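[1] sequence plus the predicted model coming up.
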Amino acid sequence: MPREKVHRGRREEKKAEKELKRKRVWGEDPEEETPQKKSKSTESEYTGIIRTEDAIYEEDGAQGVTDRPFYGMLEDEEQEYFRRADELLELNDFPSQEERSLFLSNVYHEADGKELKIACSQSCSRLMERLILLSTVEQKKKLFGKFAGNFVHMVQHRFASHCCEMLFIQSAPIVTKELIGYYKGESYKDEDDAKSDEEDAEREENEKTKDGGKTDMKEGEFVSMENLFLYTLNELEGQMTFLLTDRFASHTLRVLLIVLSGQPFEMTATKTLLQSRRKEKIGINGMYSGLAKSSLSKRAIPESFQFAIEKIISDTVATMDTAFIQVLATHPTGNPSLQLLLELELTNHTSKKGANASQKTIISALLPDDITQPGSESAIFINGILYDPIGSRLLEIITTFAPGKLFKQLYNTIFKDRIAALARNEIASYVAIKALNRLSKEDLEEAVQSIIPQIEGLITRSRTQIIKTLFERCHAREADTDALTTAIAQAYGLDPSTLILKMSEIDLETITAATSEEPTVEGEELVMRPVVPPPKPKPTQLHGSLLAQSMLAIPGPPCDLIQAGLLALPPSTIFSLSLYTTTAHLIQSSLRPTKTNTVFRRKLISSLITLSPSESTSHPQSPVLKLALSPTGSHTLDSILDSTTTPSSSTQTQAQYPLFSLSERIASLLLTQESALRESFTGRIVWRNWHLDLFKRRRGDWVSEIRQRKFEAQRGGGKYIRKGEDKGLNDQKGGKSFSRAKIQEGEGKSAIELAREKFAKGKKVELKEMKGRKKKGRIGENAVPDVV
């Protein structure tokens, strides 16, 4: 038989590998171009705008992908060391804060000179992200120095780009703190910084003696985080057009733009622009990996950042023509970057944002002529992206942030006559929602009259989000909602007993079987288990529940319709709805106290805690006990406590607590089930929230405590502070204590800040106890093994 032709000889393979390695070391081309490859390269030359698999670039654009350097690979021993270090950091099971800081400094010492290799490594890049999460201010600045000169290549790398994102996000609050003077002189170093600096100084002295006294004078210089970001921007200058559409660099560039603009990271709109839903969440056990308060609120930024954003936008627009920008509008990777650039341009108060501005801008490139003229280029472009799944998102940004004059032209020309048809469309309805949020009262009433004939079709297709927007905007503009409420009632049927079930799209038999229990023998114990597993919530159920909640918040016919639908249900159905995740939020919203719903709340609470003998067959346990033991029902029970103990006015009299007797009745029922509550996790939470220990021993003090707590919460806007808690609230700089009045006025710390302080104090006490045990020789399982 003929044999397969194969290459023989291991020596030839080793010679080829050595030759390839020699060419890489000396910078030679490892693969010389043959005449055939030259002909292929000439055939692939491009002219104008080219769309590739990962990016779009112009003829004179930068091509950083082909010139990406190779930083080398880690050895097997190094990979094993860093892999073990990554596992230890992820577990975060250190005896004390000092032990973790010492471990971090050792890891940084081992990684010195290998930062680029680690960031580009598939197995060790997660370690770099966790190191950044735990790094001090000085360590983050040193990482900026290690990455300097390589940011252009790193942001295009599959793994190193995530390290750059983490470094930018974690360094953003430092810029704000340096701006407001939080760090003054040497006070910017905390205890961990000081210890790490001492250790680094000792190592430098040892290396100095080994190397003959050579040191780097730049290590001692103080460089602000603001300057480090500006140095990074200078490095990326001239590459923005290409990076906008790069598969990996576009995400990092958007993170950098968010940092420069000072926008919060944790907002829903910002999250969808920064990362996809499939992005891996790198975190540390027992540690919040986000940015706490800075991620939820707008950050203060220096003027240089605002100037940098303007320069990025102007330089990017200058290198792109109108055709290229319109191609970006429908490009899967370039569209989110264009959205963010356009939003920053339209929200900048110093720039000219008109479509016909003299200076070239993004909005003027997208809408180059008068949109009111029929057949204009701007009108054709808007109609083209209106029904596009990708381009419509850019149109949402234009509709939301466009100046008033441009929005009126856009609405009168594109949306006004077609608002009903746009509301029916699956894609264009989101653009219509953004337009409805900016309409005046007169235009909104006209839009409602146009959409009312389509209400039945919208409900049939389960597109209730635009109906919810109509109710919210009518309430905000004080427009009439009677016709809209009547259309909703007719579309769902005029039977109040089926209204809530149809809005939530829930089958009564299914939810009753899912929330009812039957005794089951497990081993030697008899436990209660659901008859059937609860169904997975659907998005349509969530949207229907949100529509009902928005109607409950509007006094008048919308609220009356939902309240009548709830009271028309039998008590067993209301109880089952309070145990299901999607509909439980509707029950909790209906229990929110107002001046006119006292009678409704009394009837609803009585239906929840009292079941007839015929209805209790599917629920053998007490209704109050089952609510307390359910992860979903426990929230409903807490809502009942807020509803019955919140005063109806600011005066503390017996007449202002009409439903307080119901809370005492429920507390008495819970007290009889003390053993069952203490054995359950959610039961212990309910026991603590209802202060049942105080109710058990001193009922009079319990009444005063509950009333005082709700009274102070109502006066302080939900920021209640218990007695003695306001004594330790000291300002970090001046040492001044805030009074309760100042906290209620919003000048002090919020409730979430007080909770964080309380948690931090508990951690300090725990760490001190663990440190004391270690001194006695009782290290236990938390001992950190030596990683060599």
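    The structure has been received and is ready for your questions.
[2] please tell me how far the spatially closest residue to residue 388 that is not a sequence neighbour sits from residue 253.
    Of all residues not flanking residue 388 in the chain, residue 330 sits nearest, at 5.9 Å (C-beta to C-beta, 6 or more residues apart in numbering). Quick note: C-beta positions are derived from backbone N, CA and C, even for glycine. According to C-beta to C-beta, to the nearest Å, residue 330 stands 19 Å off from residue 253.
[3] more neighbours: which of the two?
    Under the neighbour definition other C-beta atoms under 10 Å, residue 330 and residue 253 were set side by side, and residue 253 has more, 24 against 17.
[4] hang on, the earlier thing: can you check the pLDDT for the residue nearest to residue 388?
    Residue 330 carries a pLDDT value of 93.
[5] now do the contacts for it.
    Residues counted as contacts of residue 330 (C-beta atoms under 8 Å, 6 or more residues apart in numbering) are 385, 388, 390, 391.
[6] reformat the residues you listed as TSV; add neighbour count, distance to residue 466 and pLDDT.
    Below are the contacts of residue 330 laid out as TSV (neighbours: other C-beta atoms under 10 Å; distance: C-beta to C-beta, whole Å; pLDDT from 0 to 100):
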residue	neighbour count	distance to residue 466	pLDDT
385	21	19	94
388	16	19	94
390	16	21	94
391	21	20	94
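[7] would JSON lines of those with distance to residue 157 and secondary structure be doable?
    As requested, the contacts of residue 330 are exported to JSON lines (distance: C-beta to C-beta, whole Å; DSSP: H, G, I helix; E, B strand; the rest coil):
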{"residue": "385", "distance to residue 157": "32", "secondary structure": "helix"}
{"residue": "388", "distance to residue 157": "31", "secondary structure": "coil"}
{"residue": "390", "distance to residue 157": "26", "secondary structure": "coil"}
{"residue": "391", "distance to residue 157": "29", "secondary structure": "helix"}
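[8] closest to residue 581 out of those?
    Closest approach to residue 581 among those (C-beta to C-beta): residue 390, at 32.3 Å.
[9] in this structure the closest one contacts residue 331, no?
    Yes: contact between residue 390 and residue 331 holds when scored by C-beta atoms under 8 Å: they sit 7.4 Å apart.
[10] can you map out the helices along the stretch 251-400 of the chain?
    Along the stretch 251-400 of the chain, counting by DSSP state H, counting those that start in this stretch, helices occupy 268-274, 293-296, 303-318, 322-328, 334-346, 362-366, 377-386, 391-401.
[11] give me the contacts around the last one.
    Think helix 391-401. 329-330, 335-336, 338-339, 342-343, 346-347, 363, 366, 382, 384-386, 407, 410, 427-428, 430-431, 434-435, 437-438.
[12] what's the next secondary structure element after that helix?
    Proceeding N to C from helix 391-401, the next assigned helix or strand is helix 404-410, under DSSP states H and E.
[13] for that following helix, name the packing helices and strands.
    For helix 404-410, the elements it packs on are helix 391-401, judged by 3 or more C-beta pairs under 8 Å, 6 or more residues apart in numbering; DSSP states H and E.
[14] could you export the helix it packs on as CSV, CA atoms only?
    This file holds the C-alpha atoms of helix 391-401, laid out as CSV (Å, rounded to 0.1, in the frame of the first residue of the first chain):
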residue,chain,number,x,y,z
GLY,A,391,-29.4,52.0,14.4
SER,A,392,-32.6,52.7,16.5
ARG,A,393,-30.4,52.8,19.6
LEU,A,394,-28.5,55.7,18.2
LEU,A,395,-31.9,57.4,17.4
GLU,A,396,-32.9,57.0,21.0
ILE,A,397,-29.8,59.0,22.0
ILE,A,398,-30.7,61.7,19.5
THR,A,399,-34.3,61.8,20.7
THR,A,400,-33.3,61.9,24.4
PHE,A,401,-30.5,64.5,24.3
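[15] could you check the angle helix 334-346 makes with it?
    10 degrees (axes from the mean of the first three to the mean of the last three C-alpha atoms, to 10 degrees).
[16] so helix 391-401 versus helix 377-386, what angle?
    Using the same axes, to 10 degrees: helix 391-401 against helix 377-386 is 120 degrees.
[17] now do the buried residues in helix 391-401.
    Judged by neighbour count using 16 or more other C-beta atoms under 10 Å, the buried positions of helix 391-401 are 391, 392, 393, 394, 395, 396, 397, 398, 399, 400, 401.
[18] excluding chain neighbours, give the residue nearest to the last one in space.
    By the measure of C-beta to C-beta, 6+ apart, the closest residue to residue 401 outside its immediate chain neighbours is residue 346, 3.9 Å from it.
[19] how far away is the one you found from residue 243?
    Residue 346 is 22 Å from residue 243, by C-beta to C-beta.
[20] before we move on, what about residue 255?
    12 Å.
[21] next, count neighbours for residue 622.
    Residue 622 has 18 nearby residues by other C-beta under 10 Å.
[22] on that earlier part again, ok, now how distant is the residue nearest to residue 401 from residue 313?
    According to C-beta to C-beta, residue 346 stands 11 Å off from residue 313.
[23] equivalent analysis for residue 350, please.
    12 Å.
[24] which one of those two has more residues nearby?
    The residue with more neighbours, out of residue 350 and residue 313, is residue 313; 20 against 8, by other C-beta under 10 Å.
[25] contacts only, for the more buried one.
    341, 344, 345, 351, 361, 362.
[26] residue 706 too?
    Contact partners of residue 706, counting by C-beta under 8 Å, 6+ apart, are 641, 645, 663, 691.
[27] contacting residues for the third one?
    Read it as residue 663. 640, 641, 644, 645, 706.
[28] excluding chain neighbours, give the residue nearest to it in space.
    Nearest residue to residue 663 in three dimensions, chain neighbours excluded: residue 644, at 4.0 Å (C-beta to C-beta, 6+ apart).
[29] which of the contacts of residue 663 sits closest to residue 121?
    Nearest to residue 121, judged by C-beta to C-beta, of these is residue 641 at 52.8 Å.
[30] I'd like the distance between the closest one and residue 563.
    21 Å.
[31] kindly report the same for residue 535.
    26 Å.
[32] the two: who's more crowded?
    The neighbour comparison of residue 535 against residue 563 (other C-beta under 10 Å) goes to residue 563, with 20 against 15.
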